[in-house]
Structures are given as C-alpha cells and as structure tokens.
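Visitor: Can you look at this prediction? I've put the sequence above it.
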Amino acid sequence: MALKKSKENKFGRVGVLMGGPSSEREISLKSGKAVYAALKESGIEVSAIDIQTDNVEENIRLLKSKKIDCAFLALHGRFGEDGSMQQILEDIKIPYTGSGVSASRLAMDKIASRKIFQDHGLKVPQYEVVKGNADWEMDSDFVFPLVVKPATHGSSIGLSIVDKKEYLEEAVNLAFSFDHKVIIEEYIEGREVTVGILEEKPLAVIEIISKRRFFDYEAKYQAGMTDYVVPAKIEKKLSGKIQDMALLAHKLLGCSGCSRVDIILDKYNIPFILEVNTIPGMTETSLLPKAAKIEGISFNALCIKLIRLAYEKK
C-alpha cells in the first residue's frame, strides 16, 4: 500500500523508473540517476527502481514492493516508452509522469504517428514501410541517399544513411535486427532542430549541429560530438512556425506533461516532423532541460514540475 503524503512531503514517495530491457537501457540509466539525484537534493522521498524485464507480473510485484505514491518515468525505448509500463501503472493505480498509454504507443510507432501528422497537414519526409524480414523490393522511386531505420526505436539505434543501392539491403537487415517493421525515407539535408513541450507550451527552438553526418547515437551521447544553439538563431516568424508545428504534433498524439519534437528544415527552410519523444532525455545537459533552463526552470525544478503534472493528470 502506498504511503500517505504529509504536508512536509506533498508528493509522497516517488519511484524513479529507469533502465528497462530495451536497446536504450544505458541511456535510460543516465536519465534515471540524474532525476534521482535532483529529487533527493530537493528533499523529496525518492526510490531508484531499475526495471530489468518486460514481464508484467514481475514488474507489478516490484512496484508494489517499493510502496511508491508516484512514478517518474525515465525509461527510454521499448516497454518503457511504448505504453506498456504506462498500462501497468494505470492498472495498479500509481500516477506517473509523461504521456498516457495511447499517446505513448502512437509516438513510439513512427508509422502510426506519421499517418496522423499527414492527415492533419503536417509535413513528414516521404517514406515507405517494409514489413517482415523477407524478400522485399522498394516500391517508391526514391533518389539516394536514403535513411533506413526501425519503426519503433529511438536514439538513432539501427539507423543508417545509405548512399548507394548496393548498401541498402545491409541497412534494412540492420534495422530488422531491432524491429519487424522498417522505414525507408528520403534523406533531407538541412538544419536539425528540436522543440521541447512543457505544460502544453512550446519551449525555445534548439538547433543541433552534429560534427558527424547526422545526429546519430555517437553524436548524441559522446561528449564534444555535437554543438547546441540555445535558442536557435532562426528568424522569429520561422521559429514561431516551428514551435506551433511541434505543439500541434504533441497534441495530435494526445501527449501530456512533456515531450520533445524533432524536426528538420530543408534547404528552403520548410520544416518536416521526424518524431515525437514522449520521454525525452533527462540529464542536466539533455535537450528538454536545456530549453527549460532558458525559461528560468532549473533541472531540479523541472523534475518537480513533472511530478506535479503527474498528480494533476486526469
């Protein structure tokens, strides 16, 4: 049974859920440890909970044994970010940070979310879906280079940029090693930007300038491989358009609490939605905290705000 909240500790015991069984486990552990430290420093009763399996019953037993009042989700990737853990928490009636089951599932599935974006007039890269690791042929008349990626993974895991047709099969097979559905899409060369959403409001646009060809796993997580311009040096009208587009994408999927929307600007400064992340990275140097800091919200304050929003969520 969960602890009763006192006036001194209005949030009760908060469990920071981290790790998980996905390919993004190590990144999740970094987020979780940073959130745990911030909450502990802020005087909140907090428990670090390492999720190691996708077994539902085992996770229910683990969460009940921790006697937490609220869950702070720092889980990235499959099971933690796709609605599965959210469903468990709803079933055992523990409030949690971030988006609900349906929004989490939609955002994680790049195919489903892109269809929604397209239906509402938001631009996405031209793409084709390949299902099942069987013999396949590309239907679309794409021009190389192309981007190949798993349909339901983040952190650029399993993603390749393919310059020539002879390398396409290898890239598709790599993506299939992470997922049973693969996206092949046009490569848009341009400026990569991201917009954090907090309390249904867009934060400052951040430009991502990778020292590699694109913002891949190494660029994301190896120090010194990427520069961030916060806020982005983008003309005010265009910046506003990007923010509006990001907020609409967030709302169309039914996201809540926070998200981070990744966008690329082509050579004509036309923005294309790449994906919506319902559980953005949560270290002090992650992109959502960087944007929040511009608004005067410290990392500790951001973590606390997300817990408050979890309790307010209906």
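Guide: Nice, I can see it.

Visitor: all strands of the stretch 201-314 of the chain, in order?
Guide: Using DSSP state E, counting those that start in this stretch, the strands of the stretch 201-314 of the chain run over 201-210, 226-229, 258-265, 271-277.

Visitor: nearest to residue 126, of these?
Guide: Ranking these by proximity to residue 126 (CB to CB) places strand 271-277 first, at 9.5 Å. Placement of C-beta: from N, CA and C, glycine included.

Visitor: The closest one versus strand 258-265: what angle between them?
Guide: 150 degrees (axes from the mean of the first three to the mean of the last three CA atoms, to 10 degrees).

Visitor: so how far is stretch 284-301 off the chain centroid?
Guide: Averaging C-alpha positions (CA atoms, centre = their mean, to the nearest Å) puts stretch 284-301 16 Å from its chain's average.

Visitor: Give me the mean pLDDT for it.
Guide: In this model, stretch 284-301 has an average pLDDT of 94.

Visitor: same check, this time on stretch 73-81
Guide: 93.

Visitor: Kindly export that stretch (C-alpha atoms) in CSV.
Guide: C-alpha atoms of stretch 73-81 as CSV (Å, rounded to 0.1, in the frame of the first residue of the first chain):
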residue,chain,number,x,y,z
LEU,A,73,9.4,7.6,-15.8
ALA,A,74,13.0,7.8,-17.0
LEU,A,75,12.6,4.8,-19.2
HIS,A,76,13.6,5.1,-22.9
GLY,A,77,12.7,2.8,-25.7
ARG,A,78,10.6,-0.4,-25.9
PHE,A,79,8.4,-1.3,-22.9
GLY,A,80,9.2,1.9,-21.0
GLU,A,81,8.1,4.4,-23.7
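
Visitor: is it true that residue 280 touches residue 197?
Guide: No: judged on CB atoms under 8 Å, residue 280 makes no contact with residue 197 at a distance of 9.3 Å.

Visitor: Correct me if wrong: residue 190 contacts residue 265.
Guide: Yes: with contacts counted by CB under 8 Å, residue 190 reaches residue 265, the gap being 4.7 Å.

Visitor: more crowded one of those two?
Guide: residue 265 (19 against 16; other CB atoms under 10 Å).

Visitor: Who does the more buried one form a beta bridge with?
Guide: With DSSP bridges as the criterion, residue 265 is bridged to residue 191, residue 271.

Visitor: quick revisit: residues shared between the contacts of residue 280 and residue 197?
Guide: 258, 259, 260 (CB atoms under 8 Å, 6 or more residues apart in numbering).

Visitor: And for the first one, nearest residue in space, chain neighbours not counted?
Guide: Of all residues not flanking residue 258 in the chain, residue 198 sits nearest, at 5.1 Å (CB to CB, 6 or more residues apart in numbering).

Visitor: Near the one you found, how many other residues are there?
Guide: Neighbour tally, residue 198, other CB under 10 Å: 20.

Visitor: where's it relative to residue 18, distance?
Guide: 21 Å (CB to CB, to the nearest Å).

Visitor: what number of residues lie near residue 128?
Guide: Neighbour tally, residue 128, other CB under 10 Å: 15.
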